[in-house]
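*Asks:* Below is the structure, and that's it, no one-letter string:
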């Protein structure tokens, strides 16, 4: 399953408005590609609905184009409002986050993507499956907080109350962006160049063999969703190259829900992991660090957030309910 998407930090090493400028470019390109190329079938917006308003405040003239593709199921949105650091906010904030993601998805005439997409959280609290089950989410993607030596590609993740969710672990190296490395060998270059094709083919082969090696499931997830990157202009060319290089593999432009439908049907003897997923990475790599000091950064903001959460959840909401 070739899964096209993007991972979006609204603010990180650049301020919000600079990243928003990039977002406008990426979605403009995406709309043009999907309008012109019927082979580019699906794209997911990182599980975050906040990107929709961020984009439309700059490009309101494209609302109907975007809405059409969302309602056709070609652009997948939700289930989150914004992807949170799960250890930096309270449990009710996570619930409200998913509620808002559901509300926005429905306002766009669709249902949220039925996957707890948590590709870049810095670890996962033990009660996350319980929260996801409360929203009817049956499947989960995890990255950081797990390592390949202790965590297989597929497992059942269980909360202390017994709630469980079918879970796919991204690979340690490059995680949700692993497809990009070989793709960028050809992107923007002469795709017919035999030397470049051979180099890209070798990159795809190593990636897919690694995925095969860490799972007995014959359903594979090829993630092309690196941070702030434009979509592939010709994904069918990359899928064709993979099938030429590895005849035993069949590749389809797919979605995360379709991947999980197939993978869960084929899964056997799933191990159960219970509780918190917060294992540190075992070696230096560009993706899988836990970055635990995020919890203590910008402490004034976090203290103010905590005070606001307490005021809303312990005082304002109960009094309003009464």
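*Replies:* Ah, there it is. Quantities reported herein were computed from a predicted structural model and do not represent experimental measurements.
*Asks:* number of nearby residues for residue 43?
*Replies:* Neighbour count for residue 43, taken as other CB atoms under 10 Å: 25. Yep, even glycine has a C-beta here, placed from its N, CA and C like the rest.
*Asks:* residues in contact with residue 82?
*Replies:* Shown in contact with residue 82 (CB atoms under 8 Å, 6 or more residues apart in numbering): 10, 48, 50, 97.
*Asks:* Now with 6 Å, please.
*Replies:* Residues in contact with residue 82 (CB atoms under 6 Å, 6 or more residues apart in numbering) are 48, 50.
*Asks:* what ranges do the helices span in the stretch 151-300 of the chain?
*Replies:* 180-186, 194-213, 235-245, 256-266, 299-310 (DSSP state H, counting those that start in this stretch).
*Asks:* Output the ones you listed as TSV; include the columns distance to residue 35, mean pLDDT and mean neighbour count.
*Replies:* As requested, those are exported to TSV (distance: least, CB to CB, whole Å; pLDDT from 0 to 100; neighbours: other CB atoms under 10 Å):
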stretch	distance to residue 35	mean pLDDT	mean neighbour count
helix 180-186	21	93	19
helix 194-213	26	96	16
helix 235-245	15	95	18
helix 256-266	22	98	18
helix 299-310	41	93	12
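*Asks:* Reformat those as CSV; add distance to residue 92.
*Replies:* Below are the helices of the stretch 151-300 of the chain laid out as CSV (distance: least, CB to CB, whole Å):
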stretch, distance to residue 92
helix 180-186, 36
helix 194-213, 37
helix 235-245, 40
helix 256-266, 26
helix 299-310, 7
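*Asks:* which stretch among these comes nearest residue 222?
*Replies:* Judged by CB to CB, the one of these that comes nearest to residue 222 is helix 194-213, at 7.2 Å.
*Asks:* returning to that earlier point: which one of the helices of the stretch 151-300 of the chain lies nearest to residue 30?
*Replies:* helix 235-245 (12.0 Å).
*Asks:* Leaving aside the residues adjacent along the chain, what's closest to residue 24?
*Replies:* residue 58 (5.1 Å; CB to CB, 6 or more residues apart in numbering).
*Asks:* and that neighbour, backbone torsions?
*Replies:* phi -100, psi -30 (degrees, to the nearest 10).
*Asks:* No further questions, thank you.
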